[in-house]
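> sequence plus predicted model, see below.
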Amino acid sequence: MTISVRLNDKDAELIKEYADMNNISLSDLIRNAVLEKIEDEYDLECYYKALEEYKKNPKTYTMDEVKKELGL
């Protein structure tokens, strides 16, 4: 699939220079940046959900308790 992005000249030059400095293609740079942004937002949403669950039941476990529970 091909996706087009419109950029002003200043932004386009900055992105191209960054890609060149890191020896990666523009496609790889943009794909990685977008996927990282999505992953960061997903991780943040998971954090908020976990925090809400913790607030409802603030019980914590030691590492030894977790290992025992999981049979490790």
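Noted; the coordinates are in hand.
> counting by contacts, list what the top helix by length along the chain packs against.
For the chain, the helix with the greatest residue count under DSSP state H is helix 26-56. The contact analysis (3 or more Cβ pairs under 8 Å, 6 or more residues apart in numbering; DSSP states H and E) places helix 26-56 against helix 9-21. Where you see a C-beta, it was placed from the backbone N, CA and C, and this is true even at glycine.
> from the chain's centroid, how far away is the helix it packs on?
Taking Cα atoms, centre = their mean, to the nearest Å, the mean C-alpha location of helix 9-21 is offset from the chain mean by 22 Å.
> likewise for stretch 2-20?
Relative to its parent chain, stretch 2-20 has a centroid offset of 21 Å by Cα atoms, centre = their mean.
> using CSV, write out the CA atom coordinates for that stretch.
The C-alpha trace of stretch 2-20 is given here as CSV (Å, rounded to 0.1, in the frame of the first residue of the first chain):
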residue,chain,number,x,y,z
THR,A,2,1.2,3.5,-0.8
ILE,A,3,0.4,6.4,1.5
SER,A,4,1.1,10.0,0.6
VAL,A,5,1.9,12.7,3.1
ARG,A,6,2.0,16.4,2.3
LEU,A,7,4.8,18.4,4.0
ASN,A,8,6.1,21.9,3.7
ASP,A,9,9.7,22.2,2.3
LYS,A,10,11.2,22.9,5.7
ASP,A,11,9.7,19.8,7.3
ALA,A,12,10.5,17.6,4.3
GLU,A,13,14.1,18.7,4.4
LEU,A,14,14.4,18.1,8.1
ILE,A,15,13.0,14.6,7.8
LYS,A,16,15.2,13.8,4.8
GLU,A,17,18.3,15.0,6.6
TYR,A,18,17.4,12.9,9.7
ALA,A,19,16.9,9.8,7.5
ASP,A,20,20.3,10.4,5.8
